[in-house]
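Participant: Fold the following for me, if possible:
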Amino acid sequence: MPSGRIYSSPTSSVEEPDRPYRYFDLDKHAARRLEVEAEKLLHVACLKAIGKFGADPPTLAFTGAVYQDRKGSADYLGCHRSISNPKINGRNVPDFAPAHLLDFRRLLIAPLEVTDPLPAPAN
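Facilitator: Below is the predicted model:
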């Protein structure tokens, strides 16, 4: 497992499908990826609208996964629906949530952490 991951459920593992994985099922994972990418854009737009990035144009960067909902197994990895972890002005998007609004922070983390069980070649 990559170090530095933040697991929302560190003791939970990917539930392995009850049948052999069919690679033509990848369309489901791809469609879910589109959904979380749209959700991430909406979150950033809302944060910008409420002034969280300041007056200057923000700097934007991307990293690999930081958050993950659960660990993978030997046969099925927890493959992220999100294609990247955006960083704005050097900070992860959930870090813009005020400390006392934990539900808001969870909302911002949700699309960044969600995974689907896929065999390694599909990741």
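Participant: drop to CA atoms for contacts and neighbour counts, all remaining ones
Facilitator: Will do.
Participant: Not counting the helix or strand hosting residue 35 itself, show me its contacts.
Facilitator: Element membership for residue 35 (DSSP states H and E) is helix 26-49. Helix 26-49 has contacts (C-alpha atoms under 8 Å, 6 or more residues apart in numbering) with 53, 81, 82, 83, 93, 96, 108, 111, 112, 116, 122.
Participant: If we use 10 Å, what do you get?
Facilitator: Applying C-alpha atoms under 10 Å, 6 or more residues apart in numbering, the contact partners of helix 26-49 are 51-55, 58, 79-86, 88, 93-94, 96-97, 107-118, 122.
Participant: pLDDT of stretch 82-96, averaged?
Facilitator: Here stretch 82-96 scores 95 as its mean pLDDT.
Participant: got the CA positions of it in PDB?
Facilitator: The C-alpha trace of stretch 82-96 is given here as PDB (Å, rounded to 0.1, in the frame of the first residue of the first chain):
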ATOM      1  CA  SER A  82     -11.200  10.100  -8.900                       C
ATOM      2  CA  ILE A  83      -8.400  10.400 -11.400                       C
ATOM      3  CA  SER A  84      -6.400  12.800  -9.200                       C
ATOM      4  CA  ASN A  85      -6.200  14.700  -6.000                       C
ATOM      5  CA  PRO A  86      -6.400  18.500  -6.700                       C
ATOM      6  CA  LYS A  87      -4.300  20.900  -4.700                       C
ATOM      7  CA  ILE A  88      -5.200  24.600  -4.600                       C
ATOM      8  CA  ASN A  89      -2.600  27.000  -3.400                       C
ATOM      9  CA  GLY A  90      -0.700  24.000  -2.100                       C
ATOM     10  CA  ARG A  91      -3.600  22.600   0.000                       C
ATOM     11  CA  ASN A  92      -5.900  19.600  -0.500                       C
ATOM     12  CA  VAL A  93      -9.400  20.600  -1.200                       C
ATOM     13  CA  PRO A  94     -10.900  19.200   2.100                       C
ATOM     14  CA  ASP A  95      -8.400  21.400   4.000                       C
ATOM     15  CA  PHE A  96     -10.500  24.500   3.000                       C
END
